[in-house]
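1. I would like to see how this sequence folds:
(one chain, ligands or ions: 2)
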Amino acid sequence: MSAAAIPLPSDSRLRLLSAASATAADFSRDVRAGLTSKPKSLPPRWFYDELGSALFDAICFLPEYYVMRAEAEVLAANVGDIAGAFGDVSRLIELGSGTARKTRILLDALTTAAPSLEYVPVDVDEAMLARSGRELLAEYDALRVTAIAADFERPSGALAQLPPPRGRTVVLFLGSTIGNLDPDAAIAMLRDLRSALVPHDALLLGVDLRKPRAVLEAAYDDALGVTAAFNRNLLARINRELGADFDLASFGHRALYEETHGRIEMHLVSTRAQRVRLAGLEIDFDEGETIHTENSYKHDAATLAALARESGFAIYRTWTDAQKRFADVFLVAE
Ligand code: SAH
Ligand code: TRP
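-> Ligands and ions are numbered 1, 2, ... in the order given. Take a look at the predicted model:
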C-alpha cells in the first residue's frame with residue numbers, strides 16, 4: 001500500500017493520507033458481483049458518497065434513531081471516567097469517524113490534559129475527512145490531525161501509514177459501526193487492528209444493545225423516510241456513477257429485526273418485475289425480490305465477551321446510558 005497525500009490548503013497541523021482509497025473500478029466490481037449473486041446484495045461501504053454522508057447525518061437527528069443520542073449520553077455522563085481509562089494517550093485513532101460530532105465530547109476532556117494530542121480519523125469519505133479535519137483544527141488550538149482515507153475493515157493498512165507512536169494508542173470505533181460487519185468480519189477486523197497495536201493500547205467500542213423489535217425497526221424505518229432515502233441513494237449512486245437505469249420509485253425500503261441473529265436487516269424491495277441495465281449487464285428482478293444492503297447487529301454481554309475473547313482484547317469497563325440502550329466498551333490489548 002502506498003501513501004498518497006491529497007492536496008489541501010496548507011496547515012501544518014493537518015495531514016491527509018490515503019491508504020488504498022476506493023476507486024470507480026472497485027465500486028463497479030462490487031456492484032456487479034452483488035447484483036448477479038443470489039440473493040442480491042450490495043456492500044454498505046458504498047452508501048457514503050457526499051449525499052449519503054449528508055443523509056446519515058440527518059438520520060442522527062431523527063426522533064426514532066436513538067443510537068446517536070444514547071451514545072452521546074454515555075460519553076457525556078462518563079467523560080471523566082473514560083478520559084481516566086485512556087490514561088496517557090498520545091495518539092487517538094477513530095475508525096469510521098464521519099462528522100466526529102460525538103468525538104468532541106472526548107476531545108474536550110483529553111485536550112485539557114494533552115493539548116497537542118494527535119487525532120487520526122479514518123474514513124472512506126475523503127471530502128468528509130477534509131471538512132471535519134479543518135473544523136477540528138479551528139476548534140482545538142494545538143490538536144494535530146492526520147486523516148487517512150482507508151477501509152476500516154483492515155485498519156493495519158491505515159495504521160502502517162503512521163510513524164511509530166510516542167506513547168499509548170487508543171482507538172475509537174463508535175456509533176455501532178462494528179454492528180454493520182457480520183460476526184466473522186467483525187472478529188477479522190478486530191484481530192487485524194490488534195495486530196497493529198501493542199499490549200496496553202486500547203479500544204473504545206460503541207455497540208447497540210438488544211431491545212424490543214418495535215423500537216429497533218422504527219429506528220431503521222423512520223416516519224419521515226430519511227433512512228429509506230439513505231438506502232435508495234445507493235441505487236441513485238449506481239445510476240450516477242456507473243450509468244445504470246434503476247427506477248428509484250419502484251424500489252421500497254424495508255428494515256426488519258431478525259431475532260435469531262440479533263440483527264436489523266435493511267433491504268431494497270423491487271415493487272414490480274423489472275429489468276435494470278448496468279453497462280452492458282441486464283439484471284432482472286421479480287416482484288418482491290430484494291437487495292440486501294446492510295445488517296446492524298445488536299449485542300449483549302455474551303456476544304461482547306465472545307468478540308473480545310476471539311480478537312485478543314480484554315474487556316476492562318462497560319458504560320451504558322440510563323435506559324441501557326447502548327454500550328461503550330473499553331477494551332485493552334492483551
Ligand atoms: N462514527 C460516526 C459515524 C458513523 S457512520 C458516528 O458514530 O456517528 C459510519 C462511518 O463509517 C461513515 O462516516 C462512513 O463514511 C464510514 N465507513 C463506512 N464503511 C467504511 C469502510 N469500509 N471503511 C472506512 N470507513 C467506512
Ligand atoms: N452503524 C450505525 C447503525 O447500524 C449507523 C448506520 C449505518 C445506519 N447504516 C445505517 C443507520 C443505515 C441507519 C440506517 O445504526
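2. what about Leu92, which helix or strand?
-> Leu92 is located in strand 89-95, with elements delineated by DSSP states H and E.
3. excluding chain neighbours, what is closest to the residue in the stretch 51-200 of the chain positioned nearest to ligand 1?
-> Using CB to the nearest ligand atom, the single residue of the stretch 51-200 of the chain nearest to ligand 1 is Gly175, 2.2 Å away. C-beta here means a position set from N, CA and C on the backbone, and glycine is covered the same way. Of all residues beyond its chain neighbours, the one nearest Gly175 is Gly206 (5.5 Å), with distances taken as CB to CB, 6 or more residues apart in numbering.
4. report the beta-bridge partners for that neighbour.
-> Beta-bridge partners for Gly206, by DSSP bridges, are Asp328.
5. just checking, it touches Glu73?
-> No: using CB atoms under 8 Å, Gly206 is not in contact with Glu73, being 11.8 Å away.
6. helices and strands around the helix or strand encompassing Val170, which ones?
-> Applying DSSP H and E as the criterion places Val170 in strand 168-173. Judged by 3 or more CB pairs under 8 Å, 6 or more residues apart in numbering; DSSP states H and E, the packing partners of strand 168-173 are strand 89-95, strand 202-208.
7. other SSEs contacting the helix or strand just after the first one?
-> Same thing as strand 89-95. Note on strand 89-95: by DSSP H and E, the next helix or strand toward the C-terminus is helix 103-113. Helices and strands touching helix 103-113, by 3+ CB pairs under 8 Å, 6+ apart, are helix 66-77, helix 79-86, strand 89-95, helix 126-139.
8. next, the angle strand 202-208 makes with helix 103-113.
-> Taking axes from the mean of the first three to the mean of the last three CA atoms, to 10 degrees, one finds that helix 103-113 is oriented at 160 degrees with respect to strand 202-208.
9. do the helix or strand just after helix 103-113 and ligand 2 meet?
-> Counting by DSSP H and E, the next helix or strand C-terminal to helix 103-113 is strand 118-123. No: legend: contact between strand 118-123 and ligand 2 by CB under 6 Å from any ligand atom is lacking; minimum distance shown is 12.9 Å.
10. strand 118-123 pairs with which strands, and in what direction?
-> As assigned by DSSP bridges, strand 118-123 forms pairs with strand 89-95 (parallel), strand 144-149 (parallel).
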